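1. only geometry, no sequence info:
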């Protein structure tokens with residue numbers, strides 16, 4: 001966000017992402033891809049939390065988690081690729097933003 005603000009552009013706009021990594025541009029241009037990555041990442045975190053909690057509560061015997069666990073594992077399988085792609089987008093966005101800030105600062109310094 002800082003790099004696009006220093007260039008006076010929005011970080012989600014096509015102008016703000018011009019010259020950035022293709023995955024970052026596609027991430028903000030395709031709302032379905034953007035939504036899949038964002039929601040998938042959150043589902044991944046929730047599924048991991050639930051699986052951890054279910055494994056900790058095996059001694060009570062009150063609740064049978066086998067059916068719930070299979071649904072949670074299914075959501076984890078579906079959502080993990082989205083979380084992984086979102087992390088790749090985050091890192092590539094960070095790297096391209098650092099480059100854009102350095103380039104902007106160099107231009108300012110060379111004036």
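-> The structure has been received and is ready for your questions. Remember, it's a predicted structure, so these values are computed and weren't measured experimentally. Numbering: from 1, shown residues only.
2. From here on, just use CA atoms for contacts and neighbour counts.
-> Fine.
3. for residue 27, helix, strand, or coil?
-> Assigned with DSSP: H, G, I helix; E, B strand; the rest coil, residue 27 falls in the helix class.
4. Now do it, the pLDDT please.
-> In this model, residue 27 is scored at 80, pLDDT.
5. Look through this structure and tell me its longest helix.
-> Counting by DSSP state H, the longest helix found in the chain is helix 66-110.
6. Run the chain-centre distance for that one.
-> Put simply, helix 66-110 sits 4 Å off its chain's centre (CA atoms, centre = their mean, to the nearest Å).
7. That helix packs against which elements?
-> The contact analysis (3 or more CA pairs under 8 Å, 6 or more residues apart in numbering; DSSP states H and E) places helix 66-110 against helix 2-6, helix 22-29, helix 31-56.
8. any idea of the mean pLDDT for the longest one?
-> What it means is helix 31-56. Average pLDDT, helix 31-56: 89.
9. Return the distance of that helix from the chain's centre.
-> Mean-position distance between helix 31-56 and its chain equals 11 Å (CA atoms, centre = their mean).
10. What sits closest to the residue nearest to the spatial centre of the chain if chain neighbours are left out?
-> Nearest residue to the geometric centre of the chain (CA atoms, centre = their mean): residue 86, 2.9 Å. Leaving aside its chain neighbours, residue 86 sits nearest to residue 37 (5.5 Å; criterion: CA to CA, 6 or more residues apart in numbering).
11. Could you report the neighbour count for that neighbour?
-> Counted by other CA atoms under 10 Å, the residues lying close to residue 37 total 23.
12. same question, residue 81
-> Using other CA under 10 Å, residue 81 has 16 other residues around it.
13. Over to residue 83?
-> Residue 83 has 22 neighbouring residues, counting by other CA under 10 Å.
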